[in-house]
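# Could you look at this predicted model? Sequence included:
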Amino acid sequence: MKSINSKLHELTHFINELCEKQHTVGISVSITYENEIIYAEGFGYSQLGSTPKKITPDTIMSIQSISKNFMATSIMQAREQGLIYLETPVVDYLPYFRTKDKKMSDRITVRQLLSHTAGFPPDLGIANLIAPNVREIYSDYPTEFQEALDYYGLTEEVLAGIRSREDITKWFSTVPLSYTPGTSWDYCTDAFVIACDLFEKVSGQSWESHLEKYVLGPLKMSRTTCNHERVESDGNHAQYYLNDEKLLTPYPKNPISAPIGFLYSTSNDLARYAAAHMSQSAILNTESLQIMQTAVQRVTEEWRKGSEVRSYGLAWFVDTYKGFDVIEHGGGQLAVRSLVAMIPSKKLGVAVLLNFNSDVHHTISRKVFDIVLEL
């Protein structure tokens, strides 16, 4: 058996070689093993320019859709308090929730909302297009923003009318369901705004304040936040660079839609979060962890990554790797890439954050499994 230090040296060598071969910008990696962070390194830069800044495991970065797991964790905390039941229809908590087919959408449960089995079609666009800098995002050519609106069947008037999470829930009355709830799977990012609206109505508090007090605080995740202004004013935050040309992209921010993908964290903080999801902790009991990590539905082919068994639980992808059960969730937008991957049976987890568009975060996560467990 190799010593843990020699294993980690091998990992550092692997990532350095990867950086030399590919057009990387910055990579932040942290590993938790048996409830301890055993590795935390940065490779490359958090910001380019005349004076590039080195990336570190404490660089604050967008984590995109990993944010959904934080939302689901809050729902599970409310479940432990008896405030929310997974099999209860969403409409019982939010009487104004409905889709075009009210009779069918009245059957959508909280579990289906969190597992992408509610029947919603993908790519609705509403949650992302209300970003305050959306015109900057769609600015490559004069008509790009209008083309995006046309693609999603939205108008500027509709977007202007979205001022709260409740407004997004009510907007779903225009959405036709793609399938009977609970019978299939399709990744609908917008659904997690409804989940947040539900949580806030039932709990009587903002999700952001709950998150700070009952998740981030207990786990000492002091550099994790929904506040993009706090991040942008921090001296150690990442900017994002697209393609080989390393084009600076608009900063990812969208306060109303924070639960779908606009939470910011560090690889060190996410390693702490992963550890808390591999054994009973200050945030969730064992039963809740098992529920979240139990497959609800097999994912569609474009989400399988070559796996025959890849499924989705409650805001976790559920898969296998070399005989081990793997629990993970990633995120991405433009030049943002993020991943938390775990083998709970071995108490091994890894967080990988990138500020450029690539799939090396998946490559690194599997290399971590191979090296640490000598697979």
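Nice, thanks for sending it over.
# How about the backbone phi and psi for the spatially closest residue to Ile364 that is not a sequence neighbour?
The spatially closest residue to Ile364, leaving aside those adjacent along the chain, is Val352, at 5.0 Å (C-beta to C-beta, 6 or more residues apart in numbering). The C-beta positions use only the backbone N, C-alpha and C, and glycine is treated the same way. Backbone torsions of Val352, given as degrees, to the nearest 10, read phi -130, psi 130.
# now swap in Pro89 and tell me
phi -60, psi 140.
# number of nearby residues for it?
If you count neighbours by other C-beta atoms under 10 Å, Pro89 ends up with 18.
# partner residues bridging it?
Thr109 (DSSP bridges).
# Quick check, it in contact with Thr109.
Yes: with contact defined as C-beta atoms under 8 Å, Pro89 reaches Thr109; the gap is 5.7 Å.
# Which residues are in contact with Asn227?
Counting by C-beta atoms under 8 Å, 6 or more residues apart in numbering, Asn227 touches Glu208.
# Please report the distance of it from Asn133.
Distance of Asn227 to Asn133, computed by C-beta to C-beta, to the nearest Å: 16 Å.
# One more: Ser67?
Remark: distance between Ser67 and Asn133 (C-beta to C-beta) = 18 Å.
# More neighbours: these two, which one.
Each of Ser67 and Asn133 has its neighbours counted (other C-beta under 10 Å); Ser67 has more, 27 against 14.
# so how far does stretch 338-350 reach from one end to the other?
11 Å (C-alpha to C-alpha, to the nearest Å).
# Show me which residues of that stretch are buried.
Buried residues in stretch 338-350, defined by neighbour count with 16 or more other C-beta atoms under 10 Å: Ser338, Leu339, Val340, Ala341, Met342, Ile343, Pro344, Lys347, Leu348, Gly349, Val350.
# what do you get for stretch 14-29?
Residues Phe14, Ile15, Leu18, Cys19, Thr24, Val25, Gly26, Ile27, Ser28, Val29 are the ones in stretch 14-29 that count as buried (16+ other C-beta under 10 Å).
# Which pair of the residues you listed spans the longest distance?
Between any two of those, the greatest separation by C-beta to C-beta is 18.0 Å, found for Phe14 and Val25.
# ok, how many other residues are close to the closest residue to Glu144 other than its chain neighbours?
Leaving aside its sequence neighbours, Glu144 sits nearest to Tyr138 (C-beta to C-beta, 6+ apart; 4.4 Å). Counted with other C-beta under 10 Å, residues neighbouring Tyr138 total 18.
# Then Gly49?
By other C-beta under 10 Å, neighbour count at Gly49 equals 9.
# Spell out the residue ranges of the helices in the stretch 151-300 of the chain.
156-160, 165-171, 191-203, 207-211, 228-233, 258-261, 267-276, 286-292 (DSSP state H, counting those that start in this stretch).
# Including distance to Thr56, mean pLDDT and mean neighbour count, could the ones you listed go into TSV?
Output for the helices of the stretch 151-300 of the chain, formatted as TSV (distance: least, C-beta to C-beta, whole Å; pLDDT from 0 to 100; neighbours: other C-beta atoms under 10 Å):
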stretch	distance to Thr56	mean pLDDT	mean neighbour count
helix 156-160	37	97	12
helix 165-171	33	98	20
helix 191-203	29	98	23
helix 207-211	24	98	19
helix 228-233	15	97	15
helix 258-261	23	98	26
helix 267-276	9	98	25
helix 286-292	29	97	17
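# quick one, domains of this protein?
For the chain, automatic domain parsing gives the domain ranges 4-63+227-373, 72-203.
# Any chance of those in TSV with distance to Pro218 as columns?
Listed next are the domains of the chain as TSV, based on distance: least, C-beta to C-beta, whole Å:
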stretch	distance to Pro218
domain 4-63+227-373	4
domain 72-203	11
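# Select, out of those domains, the one closest to Glu212.
Among the domains of the chain, domain 4-63+227-373 sits nearest to Glu212 (C-beta to C-beta), with 9.9 Å.
# quick one: the closest one to chain centroid distance?
Here domain 4-63+227-373 is found 9 Å from its chain centre; the criterion is C-alpha atoms, centre = their mean, to the nearest Å.
# Please apply the same query to stretch 366-375.
Offset of stretch 366-375 from its chain centre (C-alpha atoms, centre = their mean): 23 Å.
# Which positions in it come out as buried?
Lys367, Val368, Phe369, Asp370, Ile371, Val372.
# which residues are in contact with it?
Around stretch 366-375, the neighbours that count as contacts under C-beta under 8 Å, 6+ apart are 1-2, 4, 7-8, 10-11, 14, 29, 31, 33, 321-322, 324, 326, 341, 343, 346, 348, 350.
# Count the residues that sit near Arg107.
By the measure other C-beta under 10 Å, the count of residues near Arg107 is 16.
# check contacts around it.
So Arg107 contacts Pro89, Pro181, Gly182 (C-beta under 8 Å, 6+ apart).
# let's see it at 7 Å
When contacts are counted by C-beta atoms under 7 Å, 6 or more residues apart in numbering, Arg107 touches Pro89, Pro181.
# now swap in Met342 and tell me
Taking C-beta under 7 Å, 6+ apart, we find Met342 in contact with Ala274, His277, Met278, Val326, Ile327, Glu328, Leu348, Gly349.
# now do 10 Å
By C-beta atoms under 10 Å, 6 or more residues apart in numbering, the contact list for Met342 reads 32, 274-275, 277-278, 293, 316, 324-329, 348-351, 365, 369.
# what about the chain, any weak spots by pLDDT?
Scanning the chain for pLDDT under 70 picks out 1.
# after the longest strand belonging to it comes which helix or strand?
In the chain, taking DSSP state E as the definition, the longest strand is strand 36-47. Downstream of strand 36-47, the next assigned helix or strand under DSSP states H and E is strand 53-54.
# Run me through the strand neighbours of whichever helix or strand comes after that following strand, direction for each.
Going down the chain from strand 53-54, the next helix or strand is strand 61-62, by DSSP H and E. According to DSSP bridges, strand 61-62 forms sheet pairs with strand 264-265 (antiparallel).
# Cool, thanks, signing off.
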